[in-house]
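*Asks:* What shape does this take:
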Amino acid sequence: MNYKAVLYVLGKIFIILGLLMFLPLSIAVYYRLNGFPEASYKSFVIPIIILLIIGIALTLKKPNNFNIYSKEGFVICGLGWIIISALGALPFVISGCIPSYIDAFFETTSGFTTTGASILNEIYSLPKSILFWRSFTHWIGGMGILSFMIAVIPKAKGNSMFIMKAEVPGPTAGKVVSKISESARILYIIYFAMTITEILVLFFGSRITGDNIRFFDCVVNAFATAGTGGFSVLNNSILGYNSPFTEWVLIIFMFLFGVNFNLYYYLITKKVSGILKDEELRGYILINLSAVVMITINISTLYKDMSTAVRDAFFSVNSVMSTTGFCTADFNSWPTFSKVILVIIMCIGCSAGSTGGGLKVVRLELFIKQMLCDFRKTLRPNSVVNVRMNGKTVDNKIMKSVSSYLNIYIITLVISVILISLDDFDPTTSFTSVISCLNNIGPGLEVVGPVGNYSGFSTLSKIVLIFDMLAGRLELFPILLLFSPHTWKKAR
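*Replies:* Down below sits the predicted model:
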């Protein structure tokens, strides 16, 4: 383990996070100068000072040996996300908005991991700077703070690949160009451009339709959509705007942010063939539309207006499948069939290389293809059958990693549900709370449904769910490997 290189990179992360906190600080200054009740400046100044002091101290001297390999990449990723969540909670505690540190840690982890699970009962009355920071954590965590570091500080050369592999969701970490730093920069530019586009569409579109949504709301809702997080600034989420236009805009962008960002690069560079032959995209669209159709038919009798039923089905499916977690309907009151469909797509999630969570569509497709190959080999033992994806044979290492991921996922899920059940909630609440946090969705069913929250859980359960959120966002391995003694041993 190259400890000096690990600490140096962590120092860079602290500096970046400290600088990013100047944005919510500026929001606090703006609203205070305009006579609005706001959080004290120290809510952000103190964390900024702490982050910059630690960051500068760790980066004063660059280590002579800057070799970063797979082990270092996983440790940087795991430790980095835990520490930024821990320090990112300070504004909530210092401002008094969330007095309990564990609750603040839970809320911040939920933000950075783009889960959207909340312990807050009252949201609208919070200071604007705190609401901004709460939603901004979604945007930071959507593409990943380590990927952001690689994009803006491209000094680690080829070693950056090991950091990006540990953070990017999916069975593989693809590059859009040969240099990993340039790839990260391109993907962040696309991410930024899509976010700005959504803000402008929400703001100007709401003026055309007469909804007149505040610019602040457009910004924070775009952050939450882009990061597929789901923190809203209203107590009743997107339903509070009573705006079909806003709901359809969010439906479209939730779907778009659930697509592999590499495909947008293909679109920009006019490599349309790469998009058309992408099997994961076709699977993502098929599962999405199938779920919408089935749920619309199932809930149609509950609605007087069919168009509202269709819109609510589209919104709920895209919110859950993209793992955003916004809500316009209490699907907790829907028929069991619809709730089962939603739980299934909660687990599937969206595309690899997107800002969303879940197992990912590509893993489901590879798992199904592997089963079909095994069936064929059973019938014809001497035949040579390979799993193919997008016209190419899938490497056996990738197939083994998919199987390992699914096994560890199930084990983590089972252990977490057992621990959560100590709180003595009903089985549906216990199960879907873990499903929701492990897949970075936010709402579950029953107590943690769209109109509920996680405030009633014990400290132990909140710690378990914090672990699940981090493990789910980082694809399990970076967090789990922190608990292995072999990770911390020096190479012989």
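*Asks:* how about residue 50, what does it touch?
*Replies:* Listed by Cβ atoms under 8 Å, 6 or more residues apart in numbering, the contact set of residue 50 reads 18, 87, 90. Quick note: C-beta positions are derived from backbone N, CA and C, even for glycine.
*Asks:* Residue 456 touches residue 447, doesn't it?
*Replies:* Yes: using Cβ atoms under 8 Å, residue 456 is in contact with residue 447, at 6.5 Å.
*Asks:* between those two, which one's more packed in?
*Replies:* Neighbour count, other Cβ atoms under 10 Å: between residue 456 and residue 447, residue 447 has more, with 20 against 13.
*Asks:* Doesn't that one belong to a helix?
*Replies:* Yes: the assignment for residue 447 is a helix, going by DSSP: H, G, I helix; E, B strand; the rest coil.
*Asks:* which stretches of the stretch 101-250 of the chain have low pLDDT?
*Replies:* 145-181 (pLDDT under 70).
*Asks:* Helices of that one, start to end?
*Replies:* For the stretch 101-250 of the chain, applying DSSP state H, counting those that start in this stretch gives helices covering 101-112, 128-143, 145-152, 160-167, 180-209, 215-226, 244-257.
*Asks:* Rebuild these as CSV, extending it with mean neighbour count and distance to residue 404.
*Replies:* CSV is the format used below for the helices of the stretch 101-250 of the chain (neighbours: other Cβ atoms under 10 Å; distance: least, Cβ to Cβ, whole Å):
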stretch, mean neighbour count, distance to residue 404
helix 101-112, 25, 25
helix 128-143, 26, 25
helix 145-152, 23, 22
helix 160-167, 24, 15
helix 180-209, 18, 24
helix 215-226, 24, 30
helix 244-257, 20, 28
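*Asks:* Helices of the stretch 351-492 of the chain, residue ranges please.
*Replies:* 361-379, 396-420, 427-438, 459-473, 477-480.
*Asks:* In TSV, list those helices along with distance to residue 82, mean neighbour count and mean pLDDT.
*Replies:* Putting the helices of the stretch 351-492 of the chain into TSV (distance: least, Cβ to Cβ, whole Å; neighbours: other Cβ atoms under 10 Å; pLDDT from 0 to 100) gives the following:
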stretch	distance to residue 82	mean neighbour count	mean pLDDT
helix 361-379	25	16	88
helix 396-420	16	15	90
helix 427-438	15	24	94
helix 459-473	7	23	94
helix 477-480	8	21	86
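*Asks:* Which one of those helices lies nearest to residue 199?
*Replies:* Of all the helices of the stretch 351-492 of the chain, helix 459-473 sits nearest to residue 199, with 24.1 Å by Cβ to Cβ.
*Asks:* Check the offset of the closest one from the chain's centre.
*Replies:* Distance, stretch centre to chain centre, for helix 459-473: 14 Å (Cα atoms, centre = their mean, to the nearest Å).
*Asks:* can you give me the angle it makes with helix 427-438?
*Replies:* 50 degrees (axes from the mean of the first three to the mean of the last three Cα atoms, to 10 degrees).
*Asks:* for helix 459-473, packing partners?
*Replies:* Other helices and strands packing on helix 459-473, by 3 or more Cβ pairs under 8 Å, 6 or more residues apart in numbering; DSSP states H and E, are helix 70-88, helix 101-112, helix 396-420, helix 427-438, helix 477-480.
*Asks:* Make sure residue 284 is indeed in a helix.
*Replies:* Yes: assignment of residue 284 by three-state DSSP places it within a helix.
*Asks:* follow-up on the earlier one: of the helices of the stretch 351-492 of the chain, which is nearest residue 27?
*Replies:* helix 459-473 (25.3 Å).
*Asks:* Report the angle between the closest one and helix 101-112.
*Replies:* Interaxial angle, helix 459-473 versus helix 101-112 (the same axes, to 10 degrees): 20 degrees.
*Asks:* Run the angle between helix 459-473 and helix 128-143 for me.
*Replies:* 50 degrees.
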